[in-house]
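# Build me a model:
(one chain, ligands or ions: 1)
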Amino acid sequence: MKLSQRAREIQESPIRKLSATANSAKARGVNVYHLNIGQPDIPTPEAFFEGIRRYAEPVLAYGPSDGLPELRRTMVNYFARFGITLTPDQVIITTGGSEAVAFAVNAVTDPGDEVIIPEPFYTNYNGYSSLSGVRIVPVTTAAESGYHLPDPAQIESLITPKTRAVMICSPNNPTGTVFTEKEIRSLGDLVKKHDLFLIADEVYKEFTYEGTRHFSILELDDLEDRVIVLDSISKRYSACGARIGAVMCRNPEIMGAIMKFAQARLCPPTLEQVGAIAAYGLPKDYFDSIRKEYQDRRDILVETLTSNPDVLLHKPEGAFYVMATLPVDDSDTFARWMLESFDQNHETVMMAPGAGFYSTAGKGKNEVRLAYVLESPKLRRACEILLEGVRQYNNKS
Ligand SMILES: Cc1ncc(COP(=O)(O)O)c(C=O)c1O
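This next block holds a predicted model:
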């Protein structure tokens, strides 16, 4: 008996791999500030829970594989707010955005195929590519250029006969970068020229700061057959535990394939879809105060961390993450040390080591991803503890 190659090779999530170490710190009485995971503390809207409370069916039955029709219609109306025209049959509800990633990648690739993705990228793309046997071909982006895309010719040079898709995440996890309309349009031209798919993870589309506009790939004209968008309510409505996401595409063949994947796992959770219908009914301005809250937190994090001139970071334009380069030799060792061997007045910080957000070996070794999902005073305190940790880590013998 032996484990499969994919079972042996799939990476541990850098976001969660130190959880046991954090639990041991907590057992010692240490308060751990979680900057490692994008678990928002913004309350889930009351409308979500009220929607579920109103559910009056006597049996919690299987629902349709592509999701409740009312949720799909509600999402179509939500996208219309952004000037994006969809029909309900162009939306399939998934069990979280995570399943949407898996469905999209599996719909357009076979084992051994390649998908081009700007790195650093959402670490679980590594997990999904392992499960699908797909090779991620990274386009390395850097803090110095705001993690924006390189010249299209550089991306084009990575295309091989095995390339099936270019996949982006905007607003980006982990960098917070929002790709511009120009960048998205040039990717559109590229995928058209080389007959590829363009997949975009747009789960953070509501969270952009200082008026930055999020340009969706669904806004690209004449690419309808090759554009696939992944979505989720996890962060949008602070409903990570609901496990409701969606995949959207105007290509009936792709949607037909994804529907078969959806049938194989029966259906997404019913009650949470009912809650999602109610949440999507919230007015547009529901997001105003939340956006402001995240922007304030971003500013606190950037201001506090950059008080150490050796900490390098790009001020994010969206989402609620930052990749920070720290003056440490190895962010993996440092993150573990912070939980195992350090505390300041019985408090410490958990962060996600940077290497797991890259597929290029050796990249991200002195970077960490931080999520600004704590209220401002706690966030400021967490950043101060982190800086003190850096100081003591570098002074230890
Ligand atoms: C970019 C991105 N895509 C997808 C997901 C997965 O979302 P879900 O909770 O809906 O599975 C996340 C979660 O952090 C994410 O950051």
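# Which stretches in the stretch 251-397 of the chain count as strands?
For the stretch 251-397 of the chain, the strands defined by DSSP state E, counting those that start in this stretch cover 312-313, 321-325, 347-350, 352-353, 367-371.
# same check, this time on the stretch 101-250 of the chain
Under the criterion DSSP E, counting those that start in this stretch, the stretch 101-250 of the chain contains strands at 114-119, 135-140, 163-169, 197-201, 227-232, 244-249.
# between the ones you listed, which gets nearest to Glu317?
For Glu317, the closest of the strands of the stretch 101-250 of the chain is strand 163-169, at 13.0 Å, according to Cβ to Cβ. For every residue, glycine as well, the C-beta is placed using N, CA and C.
# Near the ligand, which residues of the protein? Just list them.
Contact residues (Cβ under 6 Å from any ligand atom) of the chain with the ligand: 38, 96-98, 122, 169, 173, 201, 203, 232, 234, 240, 245.
# residues of stretch 202-221 that come out buried?
Buried residues in stretch 202-221, counted by 16 or more other Cβ atoms under 10 Å: 202-209, 214-220.
# hmm, back to that, need the winner for burial among the strands of the stretch 101-250 of the chain.
Greatest average neighbour count among those goes to strand 244-249 (a mean of 27), per mean count of other Cβ atoms under 10 Å.
# quick one: contacts of it?
67, 71, 75, 79, 86, 90-100, 103-104, 203, 218, 227-234, 255, 258, 268-269, 272-273, 276 (Cβ atoms under 8 Å, 6 or more residues apart in numbering).
# now it against strand 227-232, angle please.
170 degrees (axes from the mean of the first three to the mean of the last three Cα atoms, to 10 degrees).
# Can you get me a residue count around Leu387?
For Leu387, the neighbour count with other Cβ atoms under 10 Å is 17.
# List the contacts of it.
304-305, 307-308, 311.
# For Pro269, which non-adjacent residue is closest in space?
Arg243 (5.8 Å; Cβ to Cβ, 6 or more residues apart in numbering).
# Give me the neighbour count for that neighbour.
19.
# Quick check: it touching Cys267?
No: counting by Cβ atoms under 8 Å, Arg243 sits too far from Cys267 to count as a contact (11.8 Å).
# got the contact list for Lys315?
176, 298, 302, 322.
# Now intersect these with the helices, please.
Those of the contacts of Lys315 mapping onto helices are 298, 302, per DSSP state H.
# can I get the strands of the stretch 101-250 of the chain in CSV with mean pLDDT?
Formatted as CSV, the strands of the stretch 101-250 of the chain follow (pLDDT from 0 to 100):
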stretch, mean pLDDT
strand 114-119, 98
strand 135-140, 97
strand 163-169, 98
strand 197-201, 98
strand 227-232, 98
strand 244-249, 98
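# and Thr180, what does it touch?
Applying Cβ under 8 Å, 6+ apart, we find Thr180 in contact with 148, 215.
# what's the domain layout of the protein?
Split into domains by automatic domain parsing, the chain comes to 5-42+287-395, 46-280.
# tell me how far the ends of the first one are from each other?
By that I understand domain 5-42+287-395. End-to-end distance of domain 5-42+287-395 (Cα to Cα, to the nearest Å): 41 Å.
# same question for it, mean pLDDT?
Mean per-residue pLDDT for domain 5-42+287-395: 94.
# roughly how far out does it sit from the chain middle?
Relative to the mean C-alpha coordinate of its chain, domain 5-42+287-395 is positioned 16 Å out (Cα atoms, centre = their mean, to the nearest Å).
# try the longest one
Distance, stretch centre to chain centre, for domain 46-280: 10 Å (Cα atoms, centre = their mean).
# from now on call the first residue 38
All right, first residue 38 from here; so that's domain 83-317.
# And for Gly66, nearest residue in space, chain neighbours not counted?
Gly66 sits nearest to His383 (Cβ to Cβ, 6+ apart), 6.0 Å away.
# The one you found and Val69 touch, don't they?
No: using Cβ under 8 Å, His383 is not in contact with Val69, being 10.2 Å away.
# okay, those two: which has more neighbours?
Set side by side, His383 and Val69 show more neighbours around Val69, with 20 against 10, by other Cβ under 10 Å.
# pretty sure the more buried one is in a helix, no?
No: secondary structure of Val69 (DSSP: H, G, I helix; E, B strand; the rest coil): strand, not part of a helix.
# for it, what are its contacts?
Contacts for Val69 were tallied using Cβ under 8 Å, 6+ apart; they are 59, 62-63, 376, 384-387.
# from the residues you listed, which would you call buried?
Using 16+ other Cβ under 10 Å as the burial test, the contacts of Val69 include 59, 62, 376, 384-387 as buried.
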